[in-house]
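Engineer: With the input below, show me the fold.
(2 chains)
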Number of protein chains: 2
Amino acid sequence: MAQLIDGKAIAAEIRAHVKGGVADLQAQGQTVKLVSVLVGKPEAAEIYSQSQARCCAEVGIQFELQSLPETETLSEIKSAIEKLNRDPTVNGIMLNLPLPPGLNESEVQYYIDPYKDVEGVNPANIGFVFYGRPIIAPCTALSVLEILKHLGQTFEGRDVVIVGQGAIVGRPITLFLLQEMATVTACHEATRDLRRHTAQADVLIVAVGKPGLITGDMVKKGAVVIDIGINRIKEPGGETRIVGDVDFDSVNPVASVLTPVPGGVGPVTVSILLRNTVQAAREQLARRNR
Amino acid sequence: MAQLIDGKAIAAEIRAHVKGGVADLQAQGQTVKLVSVLVGKPEAAEIYSQSQARCCAEVGIQFELQSLPETETLSEIKSAIEKLNRDPTVNGIMLNLPLPPGLNESEVQYYIDPYKDVEGVNPANIGFVFYGRPIIAPCTALSVLEILKHLGQTFEGRDVVIVGQGAIVGRPITLFLLQEMATVTACHEATRDLRRHTAQADVLIVAVGKPGLITGDMVKKGAVVIDIGINRIKEPGGETRIVGDVDFDSVNPVASVLTPVPGGVGPVTVSILLRNTVQAAREQLARRNR
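Structural biologist: This is a model prediction of the structure:
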């Protein structure tokens, strides 16, 4: 049976480290503050922002939710973000998605100061990762790296297959692992023979949103399998349950390592957001002292 | 034997189209001007900038070479670029590489107005391509797309292997073809079993800089092979000759399509730079008229 990754334990380690970093900075007179921007009232984002507030409180990061009305225009959102960019007490800015229809998300993300963009989503930050000169890298990509580090493994020279190429998870991971010198294969809905690709992967990363997509026969013996899917399914009894994209029971005997859902990658990603915020504050302090 | 791509003919078609576009814009009172920035005197870049001048003259694009001294600091280069960004008579800006040692190239590219960045190299433009919202896409990537279009083919759903992941050629192509819905495998010097990957490619793209790297036994029967390598080799007789990364004689009987070197991708790329410049001018005119 595969070794199961305890994402909560890894996250707790990172958060302990972050807490120490916040205390260090406070001792130097630098508070750490994250502002989360919410446009309109998308339900999932409201729930996510409550969890951001809780996590920040736990490590001593000041948290502020900035709610903008759904009717906000592009130039009003731009002004709001530019005000946060100029505010020296704000170290990190995150923009909750989705934005109301009609707004181009990457255009709005482009307004966030690259040094305060703690999610690593500003197109310019994507480009700096592309050029191997990251300012802040995307959280999900960093969390996958963190999990391999925790196993004492690296990506260099390994055949990595990433299934799902969404802009928030799969694609940033693809770009980032190329920088880590993995031989990366990017699969998605247009891929013709998915099994032929997944069966060759030393490390298989799945971020699609389809329960049971990856079954044991699609996985190479001994592969590391990282499941980033989050799906709410209804049990025959009527209660709902959260599962990933990987069919746990059939993949478990084939893989050497497997991340469960829930409790795998998810908690690590949130703690990386906090770590990026502290790093941003540290960098801003250093620039002030230069 | 493979069908050989005539890059010069494709380039001539594009340039004829560009010439028409320039004339159209001039009829509307909009001249088209490209400024090429050269820092120091790197020999290859000086030769390249002469070829830029020639190509621009041929299609009626005004060309200006702006030479900055090798001792220029980052903030001096920044001011020079920002002046070009503000100049309404300048439609396209390109920055010749390499920059003198000590300058971070992607940081300098970041200063170029994304709408005037006709090479598509500003990290923000890379990010906008990543998000599927390109302002201007990288020339080499566009030229590979152009060659497949010319064949009446697309990349969607095809297994594409890209060997070589340099920041100027291989990596932009990888990112771009992902947007075109190819199943992309990115190989490079850390790849362990190159042949296993290349032998599965429907379309094999090579941009490494190693003559003879790809031999016939590494290519799937009927594959499209695009060779972007440029290598100067010495013949036994003493004269030098330019060859690509693909061993022409052994790959020719296996591939269905093959781009020769010289005369394949190279001429197409330069003509795409001109096309991007005209598109930038058209966009600037449209914004003025809005």
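
Engineer: contacts and neighbour counts: CA atoms only from here.
Structural biologist: Noted.

Engineer: Show me where the stretch 151-290 of chain A has its strands.
Structural biologist: Assigned strands in the stretch 151-290 of chain A, in chain order: A:159-163, A:183-187, A:203-206, A:224-227, A:231-234, A:240-243, A:257-258 (criterion: DSSP state E, counting those that start in this stretch).

Engineer: Identify whichever of the ones you listed lies nearest to B:Leu95.
Structural biologist: B:Leu95 sits nearest to strand A:183-187 of all the strands of the stretch 151-290 of chain A, at 29.9 Å, using C-alpha to C-alpha.

Engineer: got a list of contacts for that closest one?
Structural biologist: A:156-165, A:174, A:177-178, A:194, A:197, B:178, B:183-188, B:190-191 (C-alpha atoms under 8 Å, 6 or more residues apart in numbering or on different chains).

Engineer: Narrow those residues to those that are buried.
Structural biologist: Neighbour counting by 16 or more other C-alpha atoms under 10 Å in any protein chain shown classes A:156-165, A:174, A:177-178, A:194, A:197, B:178, B:183-188, B:191 among these as buried.

Engineer: what mean pLDDT does the longest helix seen in chain A have?
Structural biologist: In chain A, with assignment by DSSP state H, the single longest helix is helix A:265-289. For helix A:265-289, mean pLDDT rounds to 94.

Engineer: Check which helices and strands that helix sits against.
Structural biologist: helix A:7-27, helix A:43-59, strand A:92-95, helix A:139-150 (3 or more C-alpha pairs under 8 Å, 6 or more residues apart in numbering or on different chains; DSSP states H and E).

Engineer: Which elements pack onto the worst-scoring helix or strand of chain A on mean pLDDT?
Structural biologist: Least confident element among the helices and strands of chain A, by mean pLDDT, DSSP states H and E: helix A:43-59 (a mean of 90). Helix A:43-59 sits against helix A:7-27, strand A:33-39, strand A:62-68, helix A:265-289, with contacts defined as 3+ C-alpha pairs under 8 Å, 6+ apart.

Engineer: could you dump the ones you listed to JSON lines with distance to A:Ala255 and mean neighbour count?
Structural biologist: What follows is those, written out as JSON lines (distance: least, C-alpha to C-alpha, whole Å; neighbours: other C-alpha atoms under 10 Å in any protein chain shown):
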{"stretch": "helix A:7-27", "distance to A:Ala255": "17", "mean neighbour count": "17"}
{"stretch": "strand A:33-39", "distance to A:Ala255": "38", "mean neighbour count": "22"}
{"stretch": "strand A:62-68", "distance to A:Ala255": "40", "mean neighbour count": "16"}
{"stretch": "helix A:265-289", "distance to A:Ala255": "17", "mean neighbour count": "21"}
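
Engineer: Serialize the ones you listed to JSON lines and add fields for distance to B:Gln28.
Structural biologist: Putting the helices and strands packed on helix A:43-59 into JSON lines (distance: least, C-alpha to C-alpha, whole Å) gives the following:
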{"stretch": "helix A:7-27", "distance to B:Gln28": "58"}
{"stretch": "strand A:33-39", "distance to B:Gln28": "41"}
{"stretch": "strand A:62-68", "distance to B:Gln28": "42"}
{"stretch": "helix A:265-289", "distance to B:Gln28": "48"}
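
Engineer: my read: A:Val59 touches A:His17, true?
Structural biologist: No: applying C-alpha atoms under 8 Å, one finds A:Val59 not in contact with A:His17, separated by 9.2 Å.
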